[in-house]
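S.K.: Provided below for reference: sequence and predicted model.
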Amino acid sequence: MPKFLSPEQITQYERDGFLSPLDLLSEAEAAAIREDLEAAEARWPDALTGAGRNNAHLTLKCLDKIVHNPMLLDAVEDLIGPDILAYGTVLFIKEPQDPGFVSWHQDCRYMGLEPTDVHNVSVSAWLALTPSNRVNGCMSMIPGSHRSGVMEHVDTFSKTNILTRGQSIEGVDEASAVDLVLKPGQFSLHSMRTVHGSRPNLGSDRRIGFTIQCYMTPEMHQTISPTMAQLVRGEDPNGHFEYAARPADDMAPEAVAARERNNAQWGEILYAGAERRRNY
Ligand SMILES: O=C(O)CCC(=O)C(=O)O
């Protein structure tokens, strides 16, 4: 018996490689998290830009709470089973009138996590902390693309491309793309192999998305560098990852140090074999 998703939604996820929109928080709850996040940005301005947008859940309680949200974990459990690790998170923030975009890509391409050819061992969750729509650059997904295997990506390093290498899949059939319009507090789920991207924010407010990239079963392992994860539900008989602690306080020095180490490991992983590196 599924805990959060309906059997039809599970079938739809398996068919399309994503599911959206799903309700998690009220708009007021999402607004309160946005307020906490923006207060943290104001207080620690250098800590939440560039690479500081990676794994901020290890240093901020408001984001840690999302990663461990029982309803979100129920939805994830319905797709990958009861033993769940959270690998990491990314804050995808687009400022108003920001030319930043996300090119067509598959998350699994440069993450170094294996296996990538089995769909029910990992899933990414993207939570909207503001509205996310066609004006402000919501995510778009290519249905069924998760069944195509890992595709070739070209590293563009384009200045306006938000992805680390500006990695891009060429020749995507954009006409088949589905826009994932979300209200604050709603989330989507996508497979690490689903081709997706997003356009610039043409609106007058920020577009803030928080993605857990990814939730995974203990079967998953890292092939490029040792790195961290958190056991968020069930058991981990394999111990493939060092466990990162949950933050007791915002930006506690030991948590900041652990996140810096984790992000340095991510740098090694995400830029493995790349011609150059950016600061995130
Ligand atoms: O937030 C976006 O626009 C893109 C996010 C993304 O690519 C992801 O969460 O995998």
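M.R.: Happy to help now that I have it.

S.K.: hmm, who's touching stretch 65-78?
M.R.: 2-5, 10, 22, 24, 33, 57, 84, 86, 89, 123, 125, 127, 187, 189, 210, 212, 215, 230, 232-233, 246 (Cβ atoms under 8 Å, 6 or more residues apart in numbering). (Each C-beta comes from the backbone N, C-alpha and C, glycine too.)

S.K.: The stretch 51-200 of the chain against the ligand: which residues are in contact?
M.R.: 92, 102, 107, 124, 126, 139, 196, 198 (Cβ under 6 Å from any ligand atom).

S.K.: cutoff 8 Å now
M.R.: 90, 92, 94, 101-102, 105, 107, 124, 126, 132, 137-139, 162-163, 190, 196-198 (Cβ under 8 Å from any ligand atom).

S.K.: In ChimeraX, how would I select the buried members of those?
M.R.: Buried residues within those, by 16 or more other Cβ atoms under 10 Å, are selected in ChimeraX with:
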select :90,92,94,101,102,105,107,124,126,132,137,138,139,162,163,190,196,197,198
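
S.K.: Filter the residues of the stretch 51-200 of the chain next to the ligand down to the ones in strands?
M.R.: 90, 92, 94, 102, 105, 124, 126, 139, 190, 196-198 (DSSP state E).

S.K.: These into CSV, with extra columns for distance to residue 156 and pLDDT?
M.R.: Compiled in CSV, these are given as follows (distance: Cβ to Cβ, whole Å; pLDDT from 0 to 100):
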residue, distance to residue 156, pLDDT
90, 19, 97
92, 18, 97
94, 18, 97
102, 12, 94
105, 11, 96
124, 22, 98
126, 23, 98
139, 19, 98
190, 22, 98
196, 17, 97
197, 12, 97
198, 15, 97
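
S.K.: thinking again about what came up before, narrow the contacts of stretch 65-78 to those in strands?
M.R.: 22, 84, 86, 89, 123, 125, 127, 187, 189, 210, 212, 215, 230, 232-233.

S.K.: what's the most distant pair in these?
M.R.: Spanning the widest gap among the ones in strands among the contacts of stretch 65-78 are 22 and 230, at 21.7 Å by Cβ to Cβ.

S.K.: Show the contacting residues for the closest residue to residue 246 other than its chain neighbours.
M.R.: Counting by Cβ to Cβ, 6 or more residues apart in numbering, residue 246 lies nearest to residue 64, which is 5.4 Å off, once chain neighbours are set aside. Going by Cβ under 8 Å, 6+ apart, residue 64 touches 57-58, 246-247.

S.K.: Return the set of buried residues in the helix or strand encompassing residue 64.
M.R.: Under the criterion of DSSP states H and E, residue 64 resides in helix 61-67. The neighbour-count check on helix 61-67 (16+ other Cβ under 10 Å) flags 61-64, 66-67 as buried.

S.K.: Only the buried subset of the ones in strands among the contacts of stretch 65-78, as a PyMOL command please.
M.R.: Burial among the ones in strands among the contacts of stretch 65-78 is assessed by 16+ other Cβ under 10 Å; the matching PyMOL selection reads:
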select buried, resi 22+84+86+89+123+125+127+187+189+210+212+215+230+232+233
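
S.K.: any idea which of the ones in strands among the contacts of stretch 65-78 is closest to residue 279?
M.R.: residue 89 (18.1 Å).

S.K.: The closest one against residue 212, yeah?
M.R.: Yes: at 5.3 Å, residue 89 counts as touching residue 212 under the criterion of Cβ atoms under 8 Å.

S.K.: Mind listing the shared neighbours of those two?
M.R.: 57, 67.

S.K.: Contacts only, for the residue positioned nearest the centre of the chain.
M.R.: Nearest to the geometric centre of the chain sits residue 211, at 3.0 Å (Cα atoms, centre = their mean). By Cβ under 8 Å, 6+ apart, the contact list for residue 211 reads 89-90, 92, 124-127.

S.K.: which two from those end up farthest apart in space?
M.R.: 92 and 125 (12.5 Å).

S.K.: Contact partners for the closest residue to the ligand within the stretch 1-150 of the chain?
M.R.: In the stretch 1-150 of the chain, no residue comes nearer to the ligand than residue 92, which is 3.1 Å away by Cβ to the nearest ligand atom. Residues near residue 92 by Cβ under 8 Å, 6+ apart: 53, 102, 126, 162, 198, 208-211.
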